[in-house]
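1. Everything below, folded, please.
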Amino acid sequence: MEAFEQERRGLFDGLSVPVSVNGVLIAALGLFTYYGGIRMIEGTFGVPGTGDCRVIGGMLANLSARTGAFGEWLANLGGWQSSPVEYSAGIWILFWVWTAVVWAFFSGAICRTAAVKLAREEVIEIGEALRFGARKFLANLSSVAFVFLIGGLFLLLINATIGGWLARIPYLGDIGLGLLFPLILLSTCLAVFVAALGVLGFNLASAAIATEASDPFDGVSRAWNYVLARPWQVLLTLFATFLYLSLVVFFGQAMLKASVKTLALGEWGLGNAPRLVDVSKEQREAQKLPAGVRHVLLPGKGEFLYGSVIARRYKSVEIKPGEKAIFYPQSLEFALEKYKEAYGEYPANLQALITPPASPQGTSKPFLDVAQVPADPYGQAFVYRRTPGAEVPYQVSSPGADKQLGTPDDIGLVELERLLGPTGPKLNIKPFMEPTVGFQVGMLHFWLGLAKVLLYGYVVAYFLSGQTLVYFLLRKDVEGDDYTEVTLDEELDDLEDDVLGYVAPAKPDAPSATTATPASKPAAKPKADEAKADEVKADEAKGDDKADEAKSDEGGEESTEDKKDEGSSEA
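-> So this is what the prediction gives:
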């Protein structure tokens, strides 16, 4: 039954990848380490932009820009730009070196957990997997460098050096390059061929090193051999893996967004509609607001959380050292007060807020970001009139449902501002928000970041574990090796002991005349000598047994002859 369970792991049934929790945690640790290094590179070299991992975004943008319509579609799906990004050569070199170093270590650990789980149905500890990754770090890194070295050899040495410098020779160089250009084509073809093998087999090499505990040349040769022997099988499994992981990322991102979005369903829950808060005299003076401002418009709590941690609409910007601000558009009251600041009086009508005349400073920026005078839900335009000498020098209202002013259903300024929403000039709303909002946003950032790291950790662990499974399948198909064959750490230790056993021990230093040395213990015999001694003893034991048998046979023959002599004498 156990053999049947091993043999039934065909191509499609084998896509139940042996990913483990330990593998996911190792991948998450790798992502965290990789992210920290990328942020350090961006900060050290001053990479322009404000987003996280801008270098990775730039790399994806360059790839998308060079793949035409497919790259543009992929960029729209992934949320990065598709136009080329220019960075210095030092940034790109550090980016690729850091990428190779981090994943040469962690891919070995993850592939090791998958290989042992697949072959022995065991889950190794995280520490053991990381120790294996450290032991095979240079092997994995060398396998990547080997591919770049071979490709660079063709392009740099043959094409650029030999072909390019040959063409510099006057007259003869032109003729020589024209005649020998097929060799340049062949060199470029080999470089592209090596690059294709490297792309399709780079994780198979890591899986081979993790399974066989071998050197980089063995890992690369096995990976390339399997890719060439079963190319369609490799492509099919890669396509199936990428399709599955794309769905995982899509639904995982949707889950993260929904976890915050569903805190406010319309006005249910935290609420999404803008809210008005009263402004005290002290706040007005501290923030240097116009004297007529009595309310400040804030986003709904649900909208603010979603815009802060998911959509990133409400980012804190530094207005001066040690002080940050969050700017949010205000509504009608603030627009009227800013108009008065600019022109010295309130407008004659609301249309002046939309298309203001030239101000004394020579500007005419609109104070309301709307196309026409706003209207209430019943289609009635807001009614505005100035009331000089009154406590509030203007009045804004709406006729309401009965379309008549002066009736109980008239809509006042506060409700109209909620209906109009954030369409006016921007204001720093951070001083008017609850002091615990920052803690709330920070904790949501933490939990969502942790969930995102685990999500992408699962993606990385699944992909590397899947490549390890593909390696097992190809090894079985091409070489006939059983699924249970994997080199364990104990076997590695025994192999090292056997190798060290053949090395002659160094002669001890002679003790000095003035120093007393304790009685030394007899030196331990190497394992190889012990094995030979055991064989000699076994042969001697067999020789003794044969000698005893021979003696017993001789004794039997003698007794038989004696009996014959006795019988003859009696006769």
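
2. in what helix or strand does the residue nearest to residue 34 when sequence neighbours are not counted lie?
-> Leaving aside its sequence neighbours, residue 34 sits nearest to residue 102 (CB to CB, 6 or more residues apart in numbering; 4.7 Å). The C-beta positions use only the backbone N, C-alpha and C, and glycine is treated the same way. Residue 102 belongs to helix 89-120 when assigned by DSSP states H and E.

3. before we move on, the earlier item: surely the residue nearest to residue 34 touches residue 32?
-> No. Using CB atoms under 8 Å, residue 102 is not in contact with residue 32; the gap is 10.2 Å.

4. Could you check which of those two has the larger neighbour count?
-> More crowded of residue 102 and residue 32, by other CB atoms under 10 Å: residue 102, with 18 against 14.

5. What average pLDDT does whatever helix or strand comes next after the helix holding residue 102 get?
-> Later in the chain than helix 89-120, the nearest helix or strand by DSSP H and E is helix 126-135. Averaging pLDDT along helix 126-135 gives 92.

6. Residues contacting the helix or strand following helix 126-135, please?
-> With elements assigned by DSSP H and E, the helix or strand that comes after helix 126-135 is helix 137-152. For helix 137-152, contacts defined as CB atoms under 8 Å, 6 or more residues apart in numbering pick out 100-101, 104-105, 107-108, 191, 194-195, 197-198, 202, 205-206, 209, 214-217, 219-220.

7. Outside of the following helix or strand past helix 137-152 itself, list whatever touches it.
-> Counting by DSSP H and E, the element after helix 137-152 in chain order, helix or strand, is helix 165-166. With CB under 8 Å, 6+ apart as the test, helix 165-166 has contacts from 173, 176, 177, 180.

8. Distance from the helix holding residue 102 to the middle of the chain?
-> Centroid separation between helix 89-120 and its chain, computed with CA atoms, centre = their mean, to the nearest Å, is 11 Å.

9. do stretch 150-163 as well
-> With CA atoms, centre = their mean, you get 33 Å for stretch 150-163.

10. Give the buried residues for it.
-> Buried residues in stretch 150-163, counted by 16 or more other CB atoms under 10 Å: 150, 151, 154, 155, 158, 159, 163.

11. how many other residues sit next to residue 310?
-> Residue 310 has 17 neighbours, counted by other CB under 10 Å.

12. one step back: would you list the contacts of helix 165-166 in a markdown table and tack on pLDDT and neighbour count?
-> Shown next, in a markdown table, are these (pLDDT from 0 to 100; neighbours: other CB atoms under 10 Å):
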| residue | pLDDT | neighbour count |
| --- | --- | --- |
| 173 | 78 | 15 |
| 176 | 80 | 14 |
| 177 | 79 | 17 |
| 180 | 82 | 14 |
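
13. so who does the residue nearest to residue 34 touch?
-> 30, 33, 34, 37.

14. Distance of it relative to residue 55?
-> Shown here: residue 102 relative to residue 55, a distance of 14 Å by CB to CB, to the nearest Å.

15. Now do the shared contacts for those two.
-> Between them, residue 102 and residue 55 share no contacting residue under CB under 8 Å, 6+ apart.

16. any weak-confidence spans in this protein?
-> Within the chain, the ranges that satisfy pLDDT under 70 run 1-16, 49-51, 77-79, 358-363, 489-571.

17. picking that back up, out of the contacts of residue 102, which is most surrounded?
-> Neighbour counts for those, by other CB under 10 Å, peak at residue 30, which reaches 24 neighbours.

18. Quick check: closest non-adjacent residue to that one.
-> Using CB to CB, 6+ apart, the nearest residue to residue 30 is residue 106, at 3.5 Å.

19. count of residues packed around that neighbour?
-> 26.

20. Quick one: residues contacting it.
-> With CB under 8 Å, 6+ apart, residue 106 has these contacts: 26, 27, 29, 30, 33, 133.

21. run the last query once more with 7 Å
-> Applying CB atoms under 7 Å, 6 or more residues apart in numbering to residue 106 gives the contacts 26, 27, 30, 133.

22. Next: residue 399.
-> By CB under 7 Å, 6+ apart, the contact list for residue 399 reads 380, 405, 410.

23. Could you pull up phi and psi at the residue nearest to the second one when sequence neighbours are not counted?
-> Residue nearest to residue 405 in three dimensions, not counting chain neighbours: residue 399, with 5.3 Å by CB to CB, 6+ apart. Note on residue 399: backbone dihedrals following degrees, to the nearest 10 are phi -60, psi -20.

24. before we move on, what about residue 319?
-> Here residue 319 shows phi and psi, under degrees, to the nearest 10, equal to phi -90, psi -30.

25. how many other residues sit next to the nearest residue in space to residue 341 that is not next to it in sequence?
-> Excluding its sequence neighbours, the residue lying closest to residue 341 (CB to CB, 6+ apart) is residue 290, at 6.1 Å. By other CB under 10 Å, 14 other residues sit near residue 290.

26. Same question for residue 207.
-> Neighbour count for residue 207, taken as other CB under 10 Å: 32.

27. check which helix or strand covers it.
-> Here residue 207 is assigned to helix 172-212, by DSSP H and E.

28. After that helix, which helix or strand is next?
-> Following helix 172-212 in sequence order, the next helix or strand is helix 216-229 (DSSP H and E).

29. by contact count, what packs against that following helix?
-> The contact analysis (3 or more CB pairs under 7 Å, 6 or more residues apart in numbering; DSSP states H and E) places helix 216-229 against helix 137-152, helix 172-212, helix 437-479.

30. and of these, who's closest to residue 123?
-> helix 437-479 (11.8 Å; CB to CB).

31. got the domain boundaries for this structure?
-> 2-253+450-479, 346-422 (automatic domain parsing).

32. Just name the most buried of the ones you listed.
-> With neighbours taken as mean count of other CB atoms under 10 Å, those reach their highest mean count in domain 2-253+450-479, at a mean of 17.

33. what about residue 254, how many neighbours?
-> Around residue 254 there are 11 other residues, counting by other CB under 10 Å.

34. dump the residue contacts of residue 232.
-> Neighbours of residue 232 in contact, by CB under 7 Å, 6+ apart: none.
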